[in-house]
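Engineer: Mind folding the following:
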Amino acid sequence: MSRTRNQKARQVMQSWYSSTAEATILAREIGTLPIVWRPLVTLLSSRSTTGSGYGVFLISMMKGRKEIWDYGTNQWHLDGYKNTLVLSEEIRVTIFGKSAGAVSVGLHSLHPENKGLFTNVISESGSPSFTHVFQTDNNIQAATFLAELLNCSTDNPDPVYECIKNSDSAAMLDAFKSALNDPAKLWQIVFTPTVDNDFVKQPPLDLINLAKTTVPPEVEFLRSLNLINGLNGAEGAMWLFMVEGPKDNYDDLLLSKEDMDNRIIPTVLPTAPELLKSLVRSRYTDWRNPNDPKLVRKQFVKLLGDLYFNVPGIEFSRLHANGSNPGSYMYRFTPLVEQHFVRTPAWSESANHADELGPVFGYNFDYEWAADMKGYTPPDWELNMSERMMVSWTNFAKTGNPNREGETQWPKYSIDDEYYLNIDKEDTVGQFLHAADMNFWREIELKSAKVKGTPLIIFDMTEIPFETG
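Structural biologist: Model prediction:
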């Protein structure tokens, strides 16, 4: 694909930063319409080439109960056309989230009261069954810290809430940007959902267990939707700061077997009985050379990826696919792209967390703001991959099916076959992604409950687990 053609294709999926008249015109030529709805949220409507209707993307990078609830409307205001789309048979809405945003859209897909508001879900590297996504303090600590960044009074909760509610978008973005530049601040400003007995009536892990013997209303609603769910090849690389603290790069990072066994594993599994920790130590050891620090660091990436992304992600796809007529699709994104949103070492063997965002959005990002990169021009193979992904994502919004003629066919994910599309320089089809990892960790959870009588708890991300001294 030529760069000129890709410059047009890149307008198909706009990032949340801006929506210009030129971008709208170019997007209409290709068949989609980008609309900026509110800060950090973008709507994309996709008109079917057959004239049978539209698809609308609601893309979320938001965290927290209020922003999750803000999805709950059956009218989507299209600023560029000064009219309102009311959901009908000709309008198909796709909710789309990445990381924490993926947790958010996952929770919405488990909320039966949303029936009729959307038909498709795209979840990238995040699952509502992630063990520690729920907090018990209703995010009071995070809200207080955000209020401090906004120079609000924090004497009691009422002025904190009012100040945050009345802050303008520029001040809010400045506050979050400040936190993004300092990992110690970032962990203090993480907003997560709560089990409020209203929007979230019970933890998703409980729903998964219930679904083994019955079909709760939340699961029934989930299975009525079409789903694209995906994971990147080296999700755990985003957690490398746990080893030595925040650094400019991790190319020279080494991790001893002793540190992995005696610091990292106890940190991420603080309540696990010692017997079960020993099973984890054994599984995440490269027995070709157990004490090689270069191999140990790769096992660290594998461990953190499995805990926080891979196992919960597969679990969510299995829950969805175990229905009577699921439109379920799974992908794995593995290419070693030339630039990354998250600091990624040269020794990484696969795509880090967030690496798919550039291709999905046609590289229409403010890379300098998001990742301190200037003048990035993707190579041709990345642009070609980007076009394939954009077409698949928009096809899914239009029809509930990401496939197109002339490309590798993306088979449905099912309980029996577990097919997935491996996205790379050349796409291929695989089976049983992370099946062994899934089995291991769910067996560990069951054994933990039997040994101690309490569920296995993975570390609370609001606690800083690394040593900086």
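Engineer: tally of neighbours for the nearest residue to Lys257 once chain neighbours are set aside?
Structural biologist: Nearest residue to Lys257 in three dimensions, chain neighbours excluded: Asn291, at 4.9 Å (CB to CB, 6 or more residues apart in numbering). Where you see a C-beta, it was placed from the backbone N, CA and C, and this is true even at glycine. Applying other CB atoms under 10 Å, we find 11 residues neighbouring Asn291.
Engineer: pLDDT wise, what is Asn291 at?
Structural biologist: pLDDT, Asn291: 97.
Engineer: Torsion angles phi and psi at it?
Structural biologist: Main-chain torsions, Asn291, degrees, to the nearest 10: phi -100, psi 10.
Engineer: Equivalent analysis for the one 10 residues further on, please.
Structural biologist: When quoted as degrees, to the nearest 10, the phi and psi of Val301 stand at phi -60, psi -40.
Engineer: Any figure for the gap between the closest residue to it other than its chain neighbours and Trp347?
Structural biologist: Using CB to CB, 6+ apart and skipping the chain neighbours, the partner closest in space to Val301 is Gly236 (4.0 Å). Going from Gly236 to Trp347 by CB to CB, to the nearest Å gives 13 Å.
Engineer: ok, those two, which is more surrounded?
Structural biologist: Of the pair Gly236 and Trp347, Gly236 is the one with more neighbours under other CB under 10 Å, namely 25 against 14.
Engineer: number of nearby residues for Ser169?
Structural biologist: 10.
Engineer: What count of nearby residues applies to Glu218?
Structural biologist: Neighbours of Glu218 (other CB under 10 Å): 23.
Engineer: In three-state terms, label it for me.
Structural biologist: What DSSP: H, G, I helix; E, B strand; the rest coil gives for Glu218 is helix.
Engineer: show me what contacts it?
Structural biologist: Glu218 sits next to Leu110, His111, Pro112, Lys201, Leu207 when contact means CB atoms under 8 Å, 6 or more residues apart in numbering.
Engineer: A strand includes Tyr329, no?
Structural biologist: Yes. Using three-state DSSP, the secondary structure at Tyr329 is a strand.
Engineer: Who is it paired with across the strands?
Structural biologist: Note on Tyr329: beta-bridge partners Ile228, judged by DSSP bridges.
Engineer: doesn't Asn403 make contact with it?
Structural biologist: No. Assessed by CB atoms under 8 Å, Tyr329 is found out of contact with Asn403, at 9.1 Å.
Engineer: So which of these two has more stuff around it?
Structural biologist: Ranked by neighbour count (other CB under 10 Å), Tyr329 and Asn403 place Tyr329 first, with 27 against 17.
Engineer: now that one: how far from Gln409?
Structural biologist: Tyr329 is 11 Å from Gln409, by CB to CB.
Engineer: For Asp261, give me its contacts.
Structural biologist: Asp261 touches Arg281, counting by CB under 8 Å, 6+ apart.
Engineer: Just say helix, strand or coil for it.
Structural biologist: Criterion first, three-state DSSP; result for Asp261: helix.
Engineer: per-residue confidence at it?
Structural biologist: Confidence score, pLDDT, at Asp261: 96.
Engineer: Would you mind measuring from it to Thr408?
Structural biologist: Distance from Asp261 to Thr408, counting by CB to CB: 41 Å.
Engineer: repeat for Thr399
Structural biologist: For Thr399, the distance to Thr408 - CB to CB - is 18 Å.
Engineer: Check for me that Ser104 belongs to a strand.
Structural biologist: No. Per three-state DSSP, Ser104 lies outside any strand segment and is helix.
Engineer: ok, it to Gly97 distance?
Structural biologist: 5 Å.
Engineer: Have a look at those two and say which one is more surrounded.
Structural biologist: Ser104 (28 against 24).
Engineer: Which pLDDT value belongs to the more buried one?
Structural biologist: 85.
Engineer: Was I right to think it contacts Lys98?
Structural biologist: No. Applying CB under 8 Å, one finds Ser104 not in contact with Lys98, separated by 9.7 Å.
Engineer: And what about the residue nearest to Val301, helix, strand or coil?
Structural biologist: The three-state label given to Gly236 by three-state DSSP is helix.
Engineer: OK, contacts around it?
Structural biologist: Contact analysis of Gly236 by CB under 8 Å, 6+ apart lists Phe300, Val301, Lys302, Leu303, Leu304, Gly305, Asp306, Leu307, Tyr308, Phe309.
Engineer: my read: Met438 touches Pro312, true?
Structural biologist: No. Counting by CB under 8 Å, Met438 does not reach Pro312; the two are 9.4 Å apart.
Engineer: what about these two, which has more around it?
Structural biologist: Pro312 (25 against 20).
Engineer: Could you check how far that one is from Leu303?
Structural biologist: 14 Å.
Engineer: rewinding a little: in the contacts of Gly236, find the pair that's most separated.
Structural biologist: Using CB to CB, the contacts of Gly236 span at most 14.1 Å, a distance reached by Phe300 and Phe309.
Engineer: just to revisit the earlier point, comparing Thr399 and Thr408, which residue is more hemmed in?
Structural biologist: Legend: neighbour count by other CB under 10 Å for Thr399 and Thr408, higher for Thr399 (20 against 14).
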